[in-house]
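Student: Provide a 3D model corresponding to the input given below.
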Amino acid sequence: MYNRLTISAIIEITALILWVGGLFSLTILAAPAIFQTAPSRESAGRTFGLILKRFHRLGWGCGAAILLAGGIRYTGRADNQLYFAEYTRYLLDLLMLGLSLYTGLILSGRLEKLRARMAEGVDRVGKDDPRRVEFNRLHRQSTGLTAFLLLLGLAMAVLFGLEVY
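Tutor: Have a look, this model is predicted:
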């Protein structure tokens, strides 16, 4: 029978693979393909936005699963002790979870409202339109945070790999 450390490792690495692998696949593979093949940029944005909205929920579940794995790991040791690499991983997970919640709930919501307001207008939204300027600023922030999430996830994977039992 598996012990708690093994079960926690399986939960943690599976959640990390799903979360970071999913982020990588969406940003490197899916987004460019969607924007190349969609009939319009607006249509591509709506499609990718819906995919991201669904993916955020998966990411939040993965972040929670990693914390659950930490709890299992902590209670699975006779001395109820976590090592430095483990503490660091769980702190990185909390940071990733917080940034993911911010990106998924706040930034995505603002971007969607701006997209809807720009679509309402009869006239074409130019580069200097304040809505377009704000949309581009928020989009850059969202893209930067997503790249940072990927780096944090890779750091977690390295820490997991370096852990010695």
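Student: what pLDDT, on average, does stretch 62-80 get?
Tutor: Throughout stretch 62-80, pLDDT has a mean value of 86.
Student: Could you tell me which residues within it count as buried?
Tutor: 62-63, 65-67, 69-70, 72-74 (16 or more other Cβ atoms under 10 Å). C-beta here means a position set from N, CA and C on the backbone, and glycine is covered the same way.
Student: could I get that stretch in CSV with only the CA atoms?
Tutor: Output of stretch 62-80 as CSV, limited to C-alpha atoms (Å, rounded to 0.1, in the frame of the first residue of the first chain):
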residue,chain,number,x,y,z
CYS,A,62,-4.8,22.4,-9.3
GLY,A,63,-3.5,25.0,-6.9
ALA,A,64,-5.8,23.8,-4.2
ALA,A,65,-4.8,20.2,-4.9
ILE,A,66,-1.1,21.1,-4.5
LEU,A,67,-1.9,22.7,-1.1
LEU,A,68,-3.9,19.5,-0.2
ALA,A,69,-0.9,17.4,-1.1
GLY,A,70,1.2,19.6,1.2
GLY,A,71,-1.2,18.9,4.1
ILE,A,72,-1.1,15.2,3.3
ARG,A,73,2.7,15.3,3.2
TYR,A,74,2.9,17.3,6.5
THR,A,75,0.6,14.8,8.4
GLY,A,76,2.3,11.8,6.7
ARG,A,77,5.6,12.3,8.5
ALA,A,78,6.2,11.2,12.0
ASP,A,79,7.8,14.5,13.0
ASN,A,80,5.2,16.6,11.1
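Student: Contacts for that stretch next, please.
Tutor: Applying Cβ atoms under 8 Å, 6 or more residues apart in numbering, the contact partners of stretch 62-80 are 3-5, 7-9, 11-12, 14-16, 18-19, 81-82, 86, 89-90, 93-94, 96-97, 100, 156.
Student: What distance do you get for Leu114 to Pro130?
Tutor: Here Leu114 is placed at a distance of 10 Å from Pro130 (Cβ to Cβ, to the nearest Å).
Student: for the residue nearest to the spatial centre of the chain, what are its contacts?
Tutor: Centroid check for the chain by Cα atoms, centre = their mean gives Ser100 as the closest residue, at 4.9 Å. Ser100 is in contact with 56, 59-60, 63, 149, counting by Cβ under 8 Å, 6+ apart.
Student: make it 10 Å
Tutor: 19, 23, 55-57, 59-60, 62-63, 145-146, 149, 152 (Cβ atoms under 10 Å, 6 or more residues apart in numbering).
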